[in-house]
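**Q** any chance you could fold what I've pasted below:
(chains A, B, C and D)
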Amino acid sequence: MSTVVALSVVGPLLAAALTLALRARHRLRDAVVLTTLVGVTAAAVAILIEVERSGTIVVRVGGWDPELGIVLVADMFAALVLVVAMATILVVEIFAIGQRRSAAGADPDVVVPVLLVLTSGVALAIVTGDLFTLFVAFEMILVASYVLLTHQGRQGQIRSGMTYVVINLLASTFFLLGVAFVYAATGTVNMALLAERIPELDTGTRIGIGTWFLVVFGSKAAMFPLFSWLPDSYPTAPTTITAVFAGLLTKIGVYSLIRFQTLTDMVDLGPVVLAGAGATMLVGVAGALAQDDMKRILSFHIVSQIGYMLLGLGLFSVAGVAGAILFLVHQIPVKTVLFLVGGLVESTHGTSSLDRIGGLAMRWPLLAALFAVPALSLAGLPPFSGFVAKLALIDAAIASKSTAIVIVALAGSLLTLLSMTKIWLGVFWGEPAGAPAVPSVRGSLGTMVLATTLAVAGTLAVAVFSGPLWDMSERAAVELLDRQPYIEAVIR
Amino acid sequence: MNATLVVTVAGLVSVGTYLVTARSLSRIILGFSMLGHGAVLALLSAGGPAGETPLADRSSPEEMSNPLPQALSLTAIVISFGLTLFLLALARRQNALSGDDLVEDDLEDRRVALLANEESPEPVSEDAA
Amino acid sequence: MITPRSPIVALGVGVAAPPAVLVAIYLFFAGHNQPGGGFAAGLVLGALVALRAIAGRRAPATSTTLLWIGAGLAAGVAVLPVAFGDAVLDQRVVDVTVPLLGKVKSGTALVFDAGVAAIVVGLVMAVLDGLGISRIADPSPESETAAKVEGGS
Amino acid sequence: MIASDTTPSPAGRAVFGLAALPLAGLTVWATALLAGDGSATFSVTWVADLDLVIAFHIGPMAALLTVIVAGIGALVMVYSAGYFSKDAEGVVRFAVTLLAFGLAMIGLVWADSVWTLFLFWELTSITSFLLVGFRNRRAEARAAARRAFMITAAGGLALLAGLVILVDGTGTDSLQSLPQLEGSEAGIAAVLVMIAAATKSAQVPFHVWLPGAMAAPTPVSAYLHSATMVKAGVILVAITGPAFTDVAVWKNLGLALGGASMLWGAIGALRHVDGKQILAWGTVSQLGLMIVLLSLGEPKATFAALSIIVAHAAFKAALFMVVGEVDVRAGTRDIRELDGLARSMPIAFAVAAVSGASMAGVPPLLGFMAKEAAIEAGLKSKGFGAVAVTALIVVGSVLTAAYTLRFLIGMFGGRSDTPTEVSARRWPMTMPAVALTVLSLGGYVAAGTVTTLVTRAAGTLDPAAAEFALLRWPGFTVAFGLSAGIVVVGAALGLVLAREASSPPAAIGAGLVDRGIDEVVVTARRVTAQVQHGSLPVYLVVVMGVATLAVAPFWFAVDLDVLYRWDTPVQPILGLAVVVAAIVTARIDSRLGAALGLGGLGIGVAGLFATYGAPDLVITQLLVETVVVVGFVIGLGHLTRRFPWADRRWLVTRVVISVATGVSVAVALVASRSQPNGTPPREALVTEAVQTGGGNNVVNVILTDARGLDTLGEIVVLAVVAIGVVALGAAGGRRRIA
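**A** Sure, this is the predicted structure:
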């Protein structure tokens, strides 16, 4: 099974090389991509099953001792997020293949190999047990995202791309500096060893490392006040790319934050994280309310929803962290599918501006339904996945007597609903406007709709299987807060 | 810890961040190069004092400088190298589009800000629309 | 300022090429035991390509081929051990004898380094292509616009 | 106004017929269950650890409510078949949504666990949003839908929080026999749940969404806004009441909200001229009465409240149906414009008269018995309530009688020479209203049966409530006296007011809510304008500022003793050179010069590497620097020589924040080294490098073997950069990858 873990990282890279070689042969290339993504998704599922059955999987890459080499660690948290992440990329790729045929999308010669690199980076970031390798994984993800965002070279993309690239480069520099601090203090970059050594550091250094990485991962995760780059850059990219970004990139930041903060036992930072969580929720949703463009509204919601995950982390209780994990798992497909719907609107109407679209519910009820499910889920209404995740978080917060954050979280949900209503009123209701006729769902559009439907089914599956997912989240949270299972699994 | 290196790191980071906040992408690129140097030097200084070249057949582990930060630094240098090249390409593209390499403000954000600052806010509700 | 296509530059490039290739080869093979390695070797070759390009000899546009070959080699070596039942990225050590350098104790790490070198050369070529080496070779005053105001908000 | 004079479409009829079937089936099933005093239970565990169980228990109460919800639902479906014209848009969508609502409502009354209740509670909000906004081409329908949705969703969130506290405090999530909630949270939970109920049941001041919701097609009003959804809040108060019996704020808040709604709703009904609005405001008033009774928490009052729920469902749905029929056939429902309909629409008039009488509490009708029970309950209530509550009920009932009469006169009265023209009768619209009217009558006749059903239901809430009965003829009691007085005074008032020339009051509340929502958006814009400048340098300064703050803890851990000056004296020279080169590079005006400065700086850094014993780094650094400088020159060298100048104030900010960042990083570095915990494993690394990695250059072994994965990632980064650079170079011109 350890081979499977390693292959889920290296496999996509090999496939990336292959697709680069096959760039003239489109069908073969698409086959390679789909096979690879199906493969890594299956691998992720296999890993999850194995972890569920017999515990954390540790891979010593190249057979080196954890203190000397790199280890990959697939624990419950990693396995859970890996499954969702890989499946999400798969669905988006199906959408992208459809869009490619319609010739409206991005340049596949660039997108296909780079997306595979991104996949590999995401997998690596999730399973790595090494702080520096996490840095490398982040760079893989980021450089891939830089290229995906800007490769078409349009004015808006270049402008927002600069913001995106420069901010993230600064964050990466801070990451590297953070590695230096950690290495200076502990003499290692292995996360299991860090889990042993950081909590025993001098208070100032320990908390300093915690806050520093809060900034590093917080800016990747678009936490307040480090979020501003996101809403400016995401909407300008082609749909499929934004969908992947929206679903995954910030979530990897959150993932790493949860991983790092729990592993190094940064309980003391809980209040800081909670404050950041509240501000992130409110500022994000305020931004969403202020916008008049579907993709921009959704982009601000990425920020807002990050706050909910941070809430769970900030509580530093099993219930809270489990809630954060479940929220993460729910949020990845929901966010992706919302952007896919945005992409469908855009590719049939040529715009995602609320002022220039209308009445879609009457003419394309399927699309309305495909939007409504994730939108309600986002607002945390039952019976959708967001409700379970939100309930878990509220429950945890009330149990921790953090009343203020509960009020903020509930207010945030209401405002989220309001802004979803705004999209609904603008795009799906009102006098029909925009495209002249009902789009016929055939050919390329059919593939795109199929992919979106799959993704919606995915979000519904998260809702239906909330029970087992919650059990797994809870187990992951117990492991994370206990820290010993991770340490022991790595250093045996 | 080597005070000289620490001061150098502080200097490089200061100048680097100063340049990064400029409007011209050329300067930003210069800034990131410096930040990269700073981070690498920080990594080196974090690894302990200087020593012999880490070649196993020439010096003993006690005498040699810590090899791990060097390896990490190499990776960091290469990544920073790649990203610098990418920034160059971005700058060039921006130049081709607009005739300079200045980072521009986001138009939509400015629009929202203008809306917010108007004396009488634009009617938002459905009723008024 | 570099004067493109001047005979002196061309001559310089011509003279520099053979030793540069030798240096690259040395760095490549020495890497595992001496300072050097695939990255350095690749950069030396890349610099050579760059020089040739500046001297007016346009680089063959094969950067992508090098990229996929390089990535394929490196990732392939990483995956290959799986076929033999070993862990991913498990290196095999073999003794290789190289003329002039003697016995080089190395193995699959050498293939990995070859991949690194290929990608680095590919990158340099891509940069030459993407940053518009043609304009250097054939300069034309482009966008000599007046300085714009730099300022904050 | 809504429909043209064409006959209903056959397809529409088929759809509504299909939709009516499941509801009719449920009605029959629930009736059988109720008659047999049986119950049914089933549940599905969703998320066990979060107490998320979808659990249903259909006891007498749920069965009674099912009969109401499903029965009226089936009738409304039939009615809808008549209501919509052949050319009406989205009939299928309407039928499906309405059916979905009906099922959600049934789920709500079946709910046996807290979260099941919440689930279906929210589902009714969502479906209601879709139904109210059914005619969404109209701005007013969209606004009304949004308003209703926002208010009920806010209530939903209050409910969510309240229920979490409830479950926490009582330790159970079952809705059967909720234990009393104790502790300091009880009051908070009570307020939250009561507010939730008030939003759903349109209680003052949350009632403002209901009048606007009349923009929905009349079947929706007949179903959601009379018989079902608006009762959800009442049901919530009934079900959760046992948990709050000892919580004073529960009762007081319920009395306050309910009482205010009774009076203000009735006053509203007296002021409006639109038939639907009169009924809607009347509903607010009636719901207020139910809330008042239920929050008393006394057996008799509970019994009375359930009786009123039953009676109200029958008469109010019928009245809405009549208004809809008038609207469709006469083209308006404005009482100022209608004239002489009593003659031209005799069946509708009869229905309205009988149902209205039931609403006003006139015998021999179901409404009379229910109102009697309510007055009795008021008289029997404890403490100060006896007088106050009775007075409230009496005044409210007087007003009810008044607006009922005004409604009847306004809609059907008048005998001028030019009566309003009406189109042909539509039987599907007439029959359901007739059926409901028959129930209002039949309920009175079969008072025993109704009593049995209601007492069984009431018994599930409070066993003591099962001992009462609905009386056809109560005898000359105080309550009867009051009843008679109410009808007389009310009728007199109604007659007076019916002749008043009135104009519809402005929807101030709705306007306020909309303004509030707009204000939220405007505030959101202001906030966004503050934080989202759209300017990269500002963002960067923010990030650096935060990083500087984040470093604060390190300051406390700094121990300068760990510092030593240098490894070799060359280092300070090189270090100085590097920093000077950096500053010079930053100040150089030309790009070419800056590039060269950068190159020089790189050489200096390489020198530092050399003093550190890192030849690999030196080689790499020099090569990299060369390529970067060359790249800078070919990429940007042709740009204008000079950098643009910067704003001076901004310059100061930049300098301050950069220096702060630099100092912070230095502090963090020193602090990290001050009390290290752990040392790098050099010896093992070197040994392993030779043995496992088979190389003497430890750094290289690490790169290709021990940390080969990092290197793989690193070269992949380079490959992606290469792809990106080529793509950017090709953008706008040729589109290919070389």
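**Q** can we go C-alpha only for contacts and neighbour counts from here?
**A** OK.
**Q** going by neighbour count, list what's buried in stretch D:158-176.
**A** Residues of stretch D:158-176 classed as buried by neighbour count (16 or more other Cα atoms under 10 Å in any protein chain shown): D:158-170, D:172-176.
**Q** just the ones of these in helices?
**A** Filtering these for membership in helices, criterion DSSP state H, returns D:158-170.
**Q** any idea how far stretch A:34-43 is from the middle of the chain?
**A** Between the centre of stretch A:34-43 and the centre of its chain there are 18 Å (Cα atoms, centre = their mean, to the nearest Å).
**Q** does that stretch reach chain C?
**A** No - Stretch A:34-43 lies apart from chain C when judged by Cα under 8 Å from any Cα of the partner chain; the minimum separation is 14.3 Å.
**Q** pLDDT below threshold where in chain B?
**A** In the predicted model, chain B carries pLDDT under 70 at residues B:118-129.
**Q** what's the closest of the ones in helices among the buried residues of stretch D:158-176 to A:R25?
**A** Distance from A:R25 was checked for each of those by Cα to Cα. The minimum falls on D:L160, at 54.6 Å.
**Q** identify the residues contacting the closest one.
**A** D:L160 makes contacts with D:F118, as judged by Cα atoms under 8 Å, 6 or more residues apart in numbering or on different chains.
**Q** ok, it to B:A76 distance?
**A** Using Cα to Cα, to the nearest Å, one gets 49 Å for the distance from D:L160 to B:A76.
**Q** helices and strands around the host helix or strand of D:A55, which ones?
**A** Element membership for D:A55 (DSSP states H and E) is strand D:52-58. Contacts of strand D:52-58 with other secondary structure elements, assessed using 3 or more Cα pairs under 8 Å, 6 or more residues apart in numbering or on different chains; DSSP states H and E, are made with strand D:40-47, helix D:91-110, helix D:114-132.
**Q** who are the neighbours in contact with D:A24?
**A** By Cα under 8 Å, 6+ apart, the contact list for D:A24 reads D:A70, D:G71, D:A74.
**Q** just confirm it is within a helix.
**A** Yes - looking at D:A24 with DSSP: H, G, I helix; E, B strand; the rest coil, it is inside a helix.
**Q** measure it to chain C for me?
**A** Applying Cα to the nearest Cα, to the nearest Å, the value for D:A24 to chain C is 65 Å.
**Q** A:V114 - nearest residue in space that isn't next to it in sequence?
**A** Counting by Cα to Cα, 6 or more residues apart in numbering or on different chains, the nearest residue to A:V114 once its immediate chain neighbours are dropped is A:A144, at 5.6 Å.
**Q** need the contact list for the one you found.
**A** A:A144 makes contact with A:V114, A:L115, A:V117, A:L118, D:V717, D:V720, according to Cα under 8 Å, 6+ apart.
**Q** at 7 Å what do you get?
**A** Counting by Cα atoms under 7 Å, 6 or more residues apart in numbering or on different chains, A:A144 makes contact with A:V114, A:L115, A:V117, A:L118, D:V720.
**Q** give me the element the most centrally placed residue in chain B is part of.
**A** Nearest to the mean C-alpha position of chain B, by Cα atoms, centre = their mean, lies B:F32 at 3.7 Å. For B:F32, the element it lies in under DSSP H and E is helix B:25-46.
**Q** contact partners of that helix?
**A** For helix B:25-46, the external contacting residues (Cα under 7 Å, 6+ apart) are A:173, A:176-177, A:180-181, A:183-184, B:1-2, B:5, B:9, B:12-13, B:15-17, B:19-22, B:69-70, B:73, B:77, B:80, B:84, B:87, B:91, B:101-103, D:598.
**Q** after it comes which helix or strand?
**A** Moving toward the C-terminus from helix B:25-46, the first helix or strand encountered (DSSP H and E) is helix B:67-98.
**Q** quickly check: whatever helix or strand comes next after that next one near chain D or not.
**A** Secondary structure here is assigned by DSSP H and E; on that basis, the next helix or strand after helix B:67-98 toward the C-terminus is helix B:107-117. Yes - applying Cα under 7 Å from any Cα of the partner chain, one finds helix B:107-117 touching chain D at B:D109, B:R110, B:V112, B:A113, B:A116.
**Q** the second one: neighbour count?
**A** By the measure other Cα atoms under 10 Å in any protein chain shown, the count of residues near B:R110 is 16.
**Q** so the helix holding B:F32 versus helix B:67-98, what angle?
**A** Taking axes from the mean of the first three to the mean of the last three Cα atoms, to 10 degrees, one finds helix B:25-46 and helix B:67-98 inclined to each other by 170 degrees.
**Q** what residues sit buried inside helix B:25-46?
**A** Using 16+ other Cα under 10 Å as the burial criterion, the residues of helix B:25-46 that qualify are B:25-46.
**Q** give me the distance between that helix and the centre of its chain.
**A** A distance of 6 Å separates the centroid of the chain from that of helix B:25-46, by Cα atoms, centre = their mean.
**Q** C-alpha coordinates for it, PDB please?
**A** Taking Å, rounded to 0.1, in the frame of the first residue of the first chain, the C-alpha atoms of helix B:25-46 are listed here in PDB:
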ATOM      1  CA  LEU B  25       7.500  44.300 -12.100                       C
ATOM      2  CA  SER B  26      11.200  44.700 -13.000                       C
ATOM      3  CA  ARG B  27      11.800  45.900  -9.500                       C
ATOM      4  CA  ILE B  28       9.600  43.300  -8.000                       C
ATOM      5  CA  ILE B  29      11.700  40.700  -9.800                       C
ATOM      6  CA  LEU B  30      14.900  42.200  -8.300                       C
ATOM      7  CA  GLY B  31      13.200  42.200  -4.900                       C
ATOM      8  CA  PHE B  32      12.400  38.500  -5.100                       C
ATOM      9  CA  SER B  33      15.900  37.600  -6.100                       C
ATOM     10  CA  MET B  34      17.100  39.300  -3.000                       C
ATOM     11  CA  LEU B  35      14.500  37.700  -0.900                       C
ATOM     12  CA  GLY B  36      15.600  34.400  -2.300                       C
ATOM     13  CA  HIS B  37      19.200  35.100  -1.300                       C
ATOM     14  CA  GLY B  38      18.000  36.100   2.100                       C
ATOM     15  CA  ALA B  39      16.000  33.000   2.700                       C
ATOM     16  CA  VAL B  40      18.900  30.700   1.500                       C
ATOM     17  CA  LEU B  41      21.300  32.500   3.800                       C
ATOM     18  CA  ALA B  42      18.800  32.100   6.600                       C
ATOM     19  CA  LEU B  43      18.600  28.400   5.900                       C
ATOM     20  CA  LEU B  44      22.400  28.100   5.900                       C
ATOM     21  CA  SER B  45      22.800  30.000   9.100                       C
ATOM     22  CA  ALA B  46      20.100  27.900  10.700                       C
END
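**Q** circling back to that earlier point, any idea which of the contacts of A:A144 is closest to chain B?
**A** D:V720 (8.9 Å; Cα to the nearest Cα).
**Q** that closest one: which element?
**A** Using DSSP H and E, D:V720 falls within helix D:708-730.
**Q** what packs against that helix?
**A** Contact here means 3 or more Cα pairs under 7 Å, 6 or more residues apart in numbering or on different chains; DSSP states H and E; on that basis helix D:708-730 packs against helix A:131-150, helix B:67-98, helix C:63-83, helix C:108-130.
**Q** check which residues of the longest one are buried.
**A** By that I understand helix B:67-98. Neighbour count says helix B:67-98 has B:67-96 buried, by 16+ other Cα under 10 Å.
**Q** now swap in stretch D:587-603 and tell me
**A** Neighbour-count burial for stretch D:587-603, counted by 16+ other Cα under 10 Å, picks out D:588, D:590-603.
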